[in-house]
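J.: next input, structure requested:
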Amino acid sequence: MSRSPQNLPAALARVRERIAQAAAAAGRSAQSVTLLAAGKAQPPELLDAAARCGVGDFGESYLQEALAKMAALQGRALTWHFIGRLQANKTGPIAASFAWVHGVDRLKVAERLAAQRPHHAPPLNVCLQVNVAGEASKGGVAPAELPALAAAVARLPHLALRGLMCIPPEETDPARQRAWFARLRALQDDLNCSGAGLDTLSMGMSADFEAAILEGATIVRIGTALFGARPQR
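T.: Predicted coordinates:
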């Protein structure tokens, strides 16, 4: 079950310490890794408690739930990331309300986000989702198709192509966890060798974020380790 707001500071301290230790092992500073609090199905009170403890980035997977939380926490200066599966018929509110979108894997969706981003807003930060293991159950562009998609998205107005994102197969062995994340990093390195200028690797969740940091993650999406188990919907 979810933690109480009173218990959240201790959980957050543990997560931050784990991030710091993994970053140090990789020869990096803890500040090079952004903790993205994944709040899917969690109540606004828990997100508010995290914000009061200094968390500034929040990831949401369901649009209507996210919009309600944004309204509840509108008095706080927070950065909102959409990290769920993108549906073409919901790109308008996402383009208007979020600062980041992590799951772009089709040009059609990127084109809709670009067209629907308010002109007065800063560019929408975008990460392309890569299906590193070719799993039919998960979204993401195939690695072989990534360069063409990246080039096309980079040309769109009102978007800032920042990096790559993946949700690899669940692994318990740290070496196998690292192997998937290393593949995403190598794909980004290849794009950058061609001048893409990407600076973001959104990879790693509660069960494997240390391995992701060791392979260069700059954003880790942490839900359960921070908030506890999600309530039943």
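J.: what's the longest helix belonging to the chain packed up against?
T.: Using DSSP state H to assign secondary structure, the helix with the most residues in the chain is helix 174-193. Under the contact criterion of 3 or more C-beta pairs under 8 Å, 6 or more residues apart in numbering; DSSP states H and E, helix 174-193 touches helix 146-154, strand 159-165, strand 200-202, helix 209-214. All C-beta atoms are positioned from the backbone trio N, CA, C, and that covers glycine.
J.: give the rounded mean pLDDT of the first one.
T.: Read that as helix 146-154. Summarised as a single mean, pLDDT over helix 146-154 is 98.
J.: next, the buried residues of it.
T.: 146, 149-150, 153-154 (16 or more other C-beta atoms under 10 Å).
J.: mind putting those residues into CSV with distance to residue 26?
T.: Below are those laid out as CSV (distance: C-beta to C-beta, whole Å):
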residue, distance to residue 26
146, 24
149, 28
150, 25
153, 28
154, 28
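J.: gap between the spatially closest residue to residue 44 that is not a sequence neighbour and residue 206?
T.: Leaving aside its sequence neighbours, residue 44 sits nearest to residue 72 (C-beta to C-beta, 6 or more residues apart in numbering; 4.1 Å). The spacing between residue 72 and residue 206, counted by C-beta to C-beta, to the nearest Å, is 24 Å.
J.: quick one: the strands in the chain?
T.: With strands called from DSSP state E, the chain shows them at 34-38, 57-60, 79-82, 100-104, 124-129, 159-165, 200-202, 219-222.
J.: tabulate those strands (CSV), appending distance to residue 177, mean pLDDT and mean neighbour count.
T.: CSV is the format used below for the strands of the chain (distance: least, C-beta to C-beta, whole Å; pLDDT from 0 to 100; neighbours: other C-beta atoms under 10 Å):
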stretch, distance to residue 177, mean pLDDT, mean neighbour count
strand 34-38, 18, 98, 23
strand 57-60, 20, 98, 23
strand 79-82, 22, 98, 22
strand 100-104, 19, 97, 25
strand 124-129, 18, 98, 24
strand 159-165, 16, 98, 23
strand 200-202, 14, 98, 25
strand 219-222, 13, 98, 26
